[in-house]
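Participant: build me a model from this:
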Amino acid sequence: MIVSFIRDRLFALFSLRLVVSFASFASLASLALITPGQAAAAEPSEPPEVEARRMVHILGYVAADYGGAVQGGAITNQDEFDEQLLLLTDAAKIASRIQPAIPPPPNASSPAVNLGADVAKVRALVEAKAPEGDVAAAAGETRAALIRVFRLAQAPTSLPNAERGKALYKEHCATCHGETGAADTPRAATFTPRPASFLDPQIGEAMTPFRVATTVRFGVSGTAMIPFTFLSEADHWDLAFFVTGLRHTTPPASEAPSYALAELAVRSDAEIRKDLAAAGIAEANHDAILADLRTRAPYVDRGSNSPLTIARSKLHRAEILLGRGERDAARSHIIDAYLEGIEPAEPAIRASDAALAVTLEDRFRSLRSRFEAGASPAEVSSEIALVMREITRAEAAVAPSRGGRTFVSTAISSAGILLREGVEAALLIAALLGLAAQAGLGDRKRYVHLGWGVALVLGALTWLVSSKLIAISGARRELIEGVTALLAMAVLFYVSYSLLAKREVARWMKFLRERVSKRSAALSLFGVALLAAYREAFETVLFYQALLASNAPVSAAVAGAAFGAVVLVLLVLAYTRAGRFAPPQVFFKISSYLLYALAVVFAGQGVAAMQLAGVVPLHPVPFPTVAALGIFPTLETLAAQLVLVALAVVALVVSRSGSPAPSAPQAAAPSAKPQEKAEPPSSSSAMAGS
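Facilitator: Model prediction:
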């Protein structure tokens with residue numbers, strides 16, 4: 001009998017078939033919410049992302065199990081309470097190790113993340129025996145911050161495999177949890193605490209695949225379950241989705257609300273029931289719908305034609321081709337992944353999370369850069385994995401909101417779209433109008449107004465064509481953006497370069513009157529206003545289409561757009577009115593520099609768009625990205641901008657030396673009329689046309 005006992009204990013400790021079994025804990029919280037004690041004490045050598053995910057796991061346990069330790073401000077289970085404090089101690093240690101790895105906030109308005117202070121706040125609430133909701137909220141905020149700053153994947157990067165999940169469960173879990181998940185096996189009776197029953201409603205309603213996968217990855221404290229480090233990340237997800245669906249034996253509904261895989265991974269049954277109730281679906285139908293969402297929907301590619309799904313498929317295929325040594329074919333698939341997958345989805349992503357859209361594009365550009373630089377297949381695969389992770393986040397961001405967008409959030413998004421996309425065009429139009437007014441050429445301002453007016457009409461036609469007649473592909477979109485940006489840059493260079501060489505107000509005015517009075521130059525004003533405004537109108541159309549497709553109230557979108565339009569009009573009016581009071585020489589300088597700066601921005605943005613379309617080669621250089629200024633870390637974009645900057649420096653140097661400046665195309669002015677030669681550099685004559 002003693003031998004049998006020893007044999008059983010050794011088997012429990014060392015047999016993989018047994019020690020990887022799921023075990024419960026005293027409060028009967030969800031298995032997916034249990035967190036490891038020993039496992040929580042992470043090895044300092046682990047990457048910050050791994051420790052961050054472990055900390056997410058700990059905080060999930062604290063949020064879920066606190067109610068089993070404290071009720072009504074009194075401790076009801078001292079062991080559970082002590083365990084909460086022990087785990088928060090582990091969380092504080094992890095926080096101190098990974099805090100230096102947190103990147104700085106993207107801008108001054110973004111709050112800094114202080115993990116030590118956040119964990120201390122949760123601990124203070126626990127020690128004060130605060131209400132369960134307060135502890136859960138504080139822990140949830142810290143978990144959300146960890147997931148955000150370390151960009152932790154909350155869903156699989158590919159569809160889970162039901163058969164693989166079933167096989168893994170049978171091999172590693174069924175001995176203790178039973179074939180049905182009821183934890184009624186003879187082996188289960190030998191453990192204290194007893195393994196969790198996945199059929200227990202209290203446990204099952206709170207489980208999510210993400211929490212189960214995290215538990216599988218890090219193990220469970222005080223039980224025979226160790227971290228499943230011998231399984232791959234994909235195996236963790238396969239097993240997690242299978243376990244979450246075990247309790248659902250009701251025949252699946254033939255029709256169920258559509259949830260993205262990224263949503264199913266992080267939403268519990270209890271949360272989905274609330275969604276269904278809010279949608280007016282009878283409670284009697286909830287079990288059948290949940291059965292569909294847990295046992296069928298995760299394994300069915302419902303969005304095979306969705307852009308982000310196409311991006312995944314193309315990137316996966318690129319990896320395979322690269323492994324075979326077919327670099328040219330792999331390159332084509334990588335480019336197609338962006339043009340056919342990421343680019344068409346960008347408006348929807350940006351409407352939901354502008355920062356995520358920028359990050360996703362930066363990740364893809366980094367992938368292209370590494371690939372073009374001749375990175376090894378392993379290095380390219382690592383870059384693809386980073387892109388895949390951002391795609392998963394994007395899928396969650398663009399998933400349909402169950403309650404729809406609120407009026408306020410829609411209005412803010414709408415105004416943000418117009419302000420973000422329209423400010424460059426507004427500044428350009430303001431500068432052109434101001435220069436024309438200062439030079440006494442008010443009659444030429446109509447060409448500027450005509451240019452942006454035609455651009456708005458073309459934008460409306462683009463809306464009609466793209467929504468009713470022809471889908472604008474990613475390749476077309478990048479080419480349109482690139483060509484219009486480069487054409488606008490060329491016309492801006494033509495208009496503004498010679499102004500940089502004019503040092504005195506009289507020479508500025510004479511040049512403008514001589515050049516802008518020409519029909520060709522007047523058409524240039526029309527052209528640059530048209531190109532700049534249409535480029536922004538084209539982008540704006542796509543973003544508003546995505547916003548309205550996300551259950552956004554139309555009235556809120558219109559209100560936000562109206563507010564944004566008013567702000568842009570006020571910006572133009574403020575700039576042109578300022579020209580009436582500013583010294584002419586100062587105003588001319590500012591306007592000239594502004595126009596030329598916009599030419600530099602358009603040069604970078606135009607070349608970058610052509611690179612994303614695969615038309616222009618891409619050679620990476622170590623340089624920061626400032627998308628708003630058209631600055632991207634590639635040799636081609638920086639070279640285009642540096643050429644313009646160098647020409648500007650030459651013009652300014654020559655201007656100060658008093659020598660004739662090198663001419664822009666057709667920049668040599670004809671002889672001035674005699675009466676213009678004597679024109680004094682006074683502000684009174686300058687304002688005659690304003």
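Participant: secondary structure element for residue 356?
Facilitator: helix 354-372 (DSSP states H and E).
Participant: so what secondary structure elements neighbour that helix?
Facilitator: Contacts defined by 3 or more C-beta pairs under 8 Å, 6 or more residues apart in numbering; DSSP states H and E place helix 354-372 against helix 327-336, helix 343-352, helix 377-398, helix 584-612. For every residue, glycine as well, the C-beta is placed using N, CA and C.
Participant: so which of those gets nearest residue 187?
Facilitator: helix 377-398 (36.4 Å; C-beta to C-beta).
Participant: quick one: buried residues of the longest helix belonging to the chain?
Facilitator: The longest helix of the chain (DSSP state H) is helix 407-438. By 16 or more other C-beta atoms under 10 Å, the buried positions in helix 407-438 come out as 409-411, 413-438.
Participant: off-centre distance for it?
Facilitator: Distance, stretch centre to chain centre, for helix 407-438: 23 Å (C-alpha atoms, centre = their mean, to the nearest Å).
Participant: now for that helix, which elements pack on it?
Facilitator: Contacts defined by 3+ C-beta pairs under 8 Å, 6+ apart place helix 407-438 against helix 343-352, helix 445-464, helix 474-500, helix 505-516, helix 519-548, helix 554-581, helix 584-612.
Participant: report the inter-axis angle for it versus helix 343-352.
Facilitator: 100 degrees (axes from the mean of the first three to the mean of the last three C-alpha atoms, to 10 degrees).
Participant: what's residue 634 sitting at in phi/psi?
Facilitator: When read as degrees, to the nearest 10, the backbone of residue 634 gives phi -130, psi 150.
Participant: please report how far it lies from residue 365.
Facilitator: Between residue 634 and residue 365 the computed distance is 8 Å (C-beta to C-beta, to the nearest Å).
Participant: let me know whether residue 69 touches residue 77 as I believe.
Facilitator: Yes. Counting by C-beta atoms under 8 Å, residue 77 is a contact partner of residue 69 at 4.9 Å.
Participant: mind checking which of those two has more residues around it?
Facilitator: Taking neighbours as other C-beta atoms under 10 Å, residue 69 and residue 77 compare with residue 69 leading, 24 against 16.
Participant: so what's the residue count around the nearest residue to that one once chain neighbours are set aside?
Facilitator: Residue nearest to residue 69 in three dimensions, not counting chain neighbours: residue 80, with 3.7 Å by C-beta to C-beta, 6 or more residues apart in numbering. A count of nearby residues for residue 80, using other C-beta under 10 Å, gives 19.
Participant: got the confidence number for residue 80?
Facilitator: With respect to pLDDT, residue 80 scores 84.
Participant: against which helices or strands is the helix or strand harbouring it packed?
Facilitator: Applying DSSP H and E as the criterion places residue 80 in helix 78-98. Under the contact criterion of 3+ C-beta pairs under 8 Å, 6+ apart, helix 78-98 touches helix 48-65, helix 115-127.
Participant: ok, 10 Å please
Facilitator: Packing partners of helix 78-98 (3 or more C-beta pairs under 10 Å, 6 or more residues apart in numbering; DSSP states H and E): helix 48-65, strand 70-71, helix 115-127, helix 132-149.
Participant: relative to residue 374, which of those is closest?
Facilitator: The nearest among the helices and strands packed on helix 78-98, by C-beta to C-beta, is helix 48-65 at 26.9 Å.
Participant: and that closest one, what does it pack against?
Facilitator: Using 3+ C-beta pairs under 10 Å, 6+ apart, helix 48-65 is in contact with helix 78-98, helix 115-127, helix 132-149, helix 209-218.
Participant: let's have those helices in TSV, adding distance to residue 388.
Facilitator: Output for the helices and strands packed on helix 48-65, formatted as TSV (distance: least, C-beta to C-beta, whole Å):
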stretch	distance to residue 388
helix 78-98	23
helix 115-127	26
helix 132-149	16
helix 209-218	16
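Participant: give me whichever of those helices is most buried.
Facilitator: Comparing the helices and strands packed on helix 48-65 by mean neighbour count (mean count of other C-beta atoms under 10 Å), helix 209-218 ranks first with a mean of 27.
Participant: give the buried residues for the helix or strand that that one is followed by.
Facilitator: Later in the chain than helix 209-218, the nearest helix or strand by DSSP H and E is helix 233-245. Within helix 233-245, the residues scored as buried using 16+ other C-beta under 10 Å are 235, 236, 237, 238, 239, 240, 241, 242, 243, 244, 245.
Participant: of those, closest to residue 156?
Facilitator: Once C-beta to C-beta is applied, the member of the buried residues of helix 233-245 that ends up nearest residue 156 is residue 237, at 4.0 Å.
Participant: quick check on the spatially closest residue to residue 145 that is not a sequence neighbour: phi, psi?
Facilitator: Leaving aside its sequence neighbours, residue 145 sits nearest to residue 113 (C-beta to C-beta, 6+ apart; 5.0 Å). Residue 113 adopts backbone torsions of phi -100, psi 120, taken as degrees, to the nearest 10.
Participant: please apply the same query to residue 74.
Facilitator: According to degrees, to the nearest 10, residue 74 has phi -130, psi 150.
Participant: how close does the closest residue to residue 132 other than its chain neighbours get to residue 179?
Facilitator: Counting by C-beta to C-beta, 6+ apart, residue 132 lies nearest to residue 67, which is 4.4 Å off, once chain neighbours are set aside. Distance of residue 67 to residue 179, given as C-beta to C-beta: 31 Å.
Participant: so the two - more neighbours on which side?
Facilitator: More crowded of residue 67 and residue 179, by other C-beta under 10 Å: residue 67, with 17 against 13.
Participant: go ahead and confirm the more buried one touches residue 75.
Facilitator: No. If you go by C-beta atoms under 10 Å, residue 67 and residue 75 don't touch, sitting 12.0 Å apart.
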